[in-house]
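[1] Provided below for reference: sequence and predicted model.
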Amino acid sequence: MLIKSFKPKTLIALALLLMPTLAAAQDGDLNGANTAWIMTSTALVLFMTLPGLSLFYAGLVRTKNSLSVLMQCFAIAVVISLLWLVVGYSIAFGPSESAYWGGLSKMFFNGVVVDSMTGDIPETVFSAFQMTFAIITPALVVGAFVERIKFSSMLLFSTLWTLLVYFPVANWVWGGGWLGQMGLIDFAGGTVVHVTAGVAALVTALVIGQREGFLSTPMMPHNLTMSFTGAAMLWVGWFGFNAGSGRCPDLDAHRMDQTW
């Protein structure tokens, strides 16, 4: 009903009112289309973790552990978001003090203001997009030790691993670090996300060992419909993961010749 109430003359008038705003954005080197797409991609990548990955893992475990798995993914999203604000963004994408980390000059988003730009999009949008990558990476590891460690242990491991592994590796590859300087190209997390998470999952599974009752007690997934739904959400979110990286601008010249 609201749409029908707008007459063509009204729509034209609104468009004319918006034209100065669009012109001002262009004068400031802000690309509105790219900014809108990265914001959309940010939502899609977060959608991969909450609820996509959460449902996928929760459906594969026994009924008594399904809620725990859901809360593990949710808690990781909360804690890593705070960690990203405090030091994560600075370590991964701060002005490189060396080839191994970005330093602490951007702790608590110091210097990240409304007018800050990364390429042709606001730096706040870029940092939010990269934050969703930081969130999903430790959440991927959850599947390796699900049902076998305490919630507090999971949270401590995820926090320390993200701080000591993910943030530095993101700087090595995407933030102008030594791997990027060697010419390593990581289009959408093949190294930063998947290699690091895969190695972490393998190591934790080997250290913890097989679960009690393995090969002797049936441990059937309690809800494959839930897992299918989560997998479908991951597939949908992947368009933000990859296509968003395709439009995410380079960070100044120190990104070498990488094409996002």
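    That came through fine.

[2] what about the helix or strand harbouring T35, average pLDDT?
    For T35, the element it lies in under DSSP states H and E is helix 32-47. Computed over helix 32-47, the mean pLDDT rounds to 92.

[3] What is it packed up against?
    Where contact means 3 or more Cβ pairs under 8 Å, 6 or more residues apart in numbering; DSSP states H and E, helix 32-47 is packed against strand 121-122, helix 123-145, helix 224-247. Where C-beta positions appear, they are placed from N, C-alpha and C, glycine not excepted.

[4] Need the residues that contact that helix.
    22, 25, 77, 119-122, 125-126, 128-129, 132-133, 135-136, 233, 236-237, 239-241, 243-245, 247-249 (Cβ atoms under 8 Å, 6 or more residues apart in numbering).

[5] That one vs helix 123-145, what angle?
    20 degrees (axes from the mean of the first three to the mean of the last three Cα atoms, to 10 degrees).

[6] what's the next helix or strand after helix 32-47 in contact with?
    Proceeding N to C from helix 32-47, the next assigned helix or strand is helix 54-60, under DSSP H and E. Here helix 54-60 makes contact (Cβ under 8 Å, 6+ apart) with 66-67, 69-70, 73-74, 139, 142-143, 146, 221-231, 233-234.

[7] cool, and stretch 87-100?
    If you take Cβ under 8 Å, 6+ apart as the criterion, stretch 87-100 is touched by 80, 101-107, 109-110, 112, 127, 130-131, 134, 162-163, 167-168, 170-172, 174-178, 181, 251, 254.

[8] Is it possible to mark the buried ones in those?
    Buried members of the contacts of stretch 87-100, scored by 16 or more other Cβ atoms under 10 Å, are 80, 101-102, 106-107, 109, 112, 127, 130-131, 134, 162-163, 167-168, 170-172, 174-177, 251.

[9] quick revisit: select only the buried ones of the contacts of helix 32-47 in PyMOL?
    Per 16+ other Cβ under 10 Å, the buried members of the contacts of helix 32-47 correspond to this PyMOL selection:
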select buried, resi 77+119+120+121+122+125+126+128+129+132+133+135+136+233+237+240+241+244+245+247+248+249
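
[10] What separation do you get for the closest residue to E123 other than its chain neighbours and N110?
    Spatially, and ignoring its direct neighbours in sequence, E123 is nearest to S116 (3.7 Å; Cβ to Cβ, 6 or more residues apart in numbering). For S116, the distance to N110 equals 11 Å [Cβ to Cβ, to the nearest Å].

[11] Let me know which of the helices and strands packed on helix 32-47 is the nearest to L206.
    helix 123-145 (9.3 Å; Cβ to Cβ).

[12] what's downstream of that closest one, the next helix or strand?
    Next in line after helix 123-145, if elements are assigned by DSSP H and E, sits helix 151-161.

[13] Roughly how far does A231 sit from P51?
    Taking Cβ to Cβ, one finds A231 at 12 Å from P51.

[14] cool, C73 as well?
    Taken as Cβ to Cβ, the span from C73 to P51 is 8 Å.

[15] the more surrounded of those two?
    C73 (25 against 18; other Cβ atoms under 10 Å).

[16] ok, residues contacting the helix or strand hosting that one?
    Per DSSP H and E: C73 is located in helix 63-83. Here helix 63-83 makes contact (Cβ under 8 Å, 6+ apart) with 46, 49-50, 53-55, 57-59, 61, 88, 131, 134-135, 138-139, 142, 146-147, 151, 154-155, 158-159, 162-163, 222-223, 226.

[17] where in the stretch 101-250 of the chain is pLDDT low?
    247-250 (pLDDT under 70).

[18] and with 90 instead?
    101-105, 111-120, 143, 145-149, 174-178, 180-190, 208-222, 238-250 (pLDDT under 90).

[19] Let me know how buried P218 is, in neighbour terms.
    By the measure other Cβ under 10 Å, the count of residues near P218 is 6.

[20] Spit out the contact partners of E123.
    Contacts of E123 by Cβ under 8 Å, 6+ apart are V112, S116, M117.
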